[in-house]
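>>> 3D model of this:
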Amino acid sequence: MPFSYTKLWVQLVSRGWNKEDLRCAIGASPTTIAAMGRNENVSMGVIGRICDVLDCQPGDILEYVPEDKLA
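Purely as a prediction, here's the structure:
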C-alpha cells in the first residue's frame, strides 16, 4: 500500500512512547502494529483509535507515498 507511517513513529518518539505503548493504548494486536511497521494497510478503525489517543488527525500520522518511493 502506498502509505507510510513514519510520521506516527516520529510522534511516538516525541512523546516518549514505543510501539508497545501504542498497541496497548489502542487495543490493537501485535500483528496490526507489525503491519504498520511494514507500511501495510490497517483499518480506518485503527487509524481512528490512534488519532483519539494521540489527539491528532490522520495526516499527522501517515502520508501517501507512491509505492516506487516507499523505503
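>>> run the chain-centre distance for the helix or strand where residue 48 lies.
Assigned by DSSP states H and E, residue 48 belongs to helix 44-54. Relative to its parent chain, helix 44-54 has a centroid offset of 9 Å by C-alpha atoms, centre = their mean, to the nearest Å.
>>> what about that helix, average pLDDT?
Across helix 44-54, pLDDT averages out at 98.
>>> which strands or helices does it pack on?
Helix 44-54 sits against helix 6-15, helix 19-26, with contacts defined as 3 or more C-beta pairs under 8 Å, 6 or more residues apart in numbering; DSSP states H and E. Every residue, glycine included, has its C-beta placed from N, CA and C.
>>> out of the ones you listed, nearest to residue 55?
With C-beta to C-beta as the measure, helix 6-15 is the member of the helices and strands packed on helix 44-54 nearest residue 55 (10.4 Å).
>>> residues contacting residue 29?
residue 23 (C-beta atoms under 8 Å, 6 or more residues apart in numbering).
>>> relative to helix 6-15, how tilted is the helix holding residue 48?
30 degrees (axes from the mean of the first three to the mean of the last three C-alpha atoms, to 10 degrees).
>>> what residues does helix 44-54 touch?
Here helix 44-54 makes contact (C-beta under 8 Å, 6+ apart) with 8, 11, 15, 22, 25-28, 32, 56-58, 60-62.
>>> let me see the backbone angles for residue 64.
Residue 64 adopts backbone torsions of phi -80, psi 130, taken as degrees, to the nearest 10.
>>> pull the number of nearby residues for it.
Using other C-beta atoms under 10 Å, residue 64 has 9 neighbouring residues.
>>> which residues sit in contact with it?
2, 3.
>>> the least confident helix or strand in the chain by mean pLDDT pairs with which strands?
Lowest by mean pLDDT, DSSP states H and E among the helices and strands of the chain is strand 3-4, with a mean of 91. Strand partners for strand 3-4, identified by DSSP bridges, are recorded as strand 63-64 (antiparallel).
>>> state the mean pLDDT of the partner strand.
The model assigns strand 63-64 a mean pLDDT of 93.
>>> now, which of the contacts of helix 44-54 sits nearest residue 2?
Using C-beta to C-beta, these come closest to residue 2 at residue 62, 10.4 Å.
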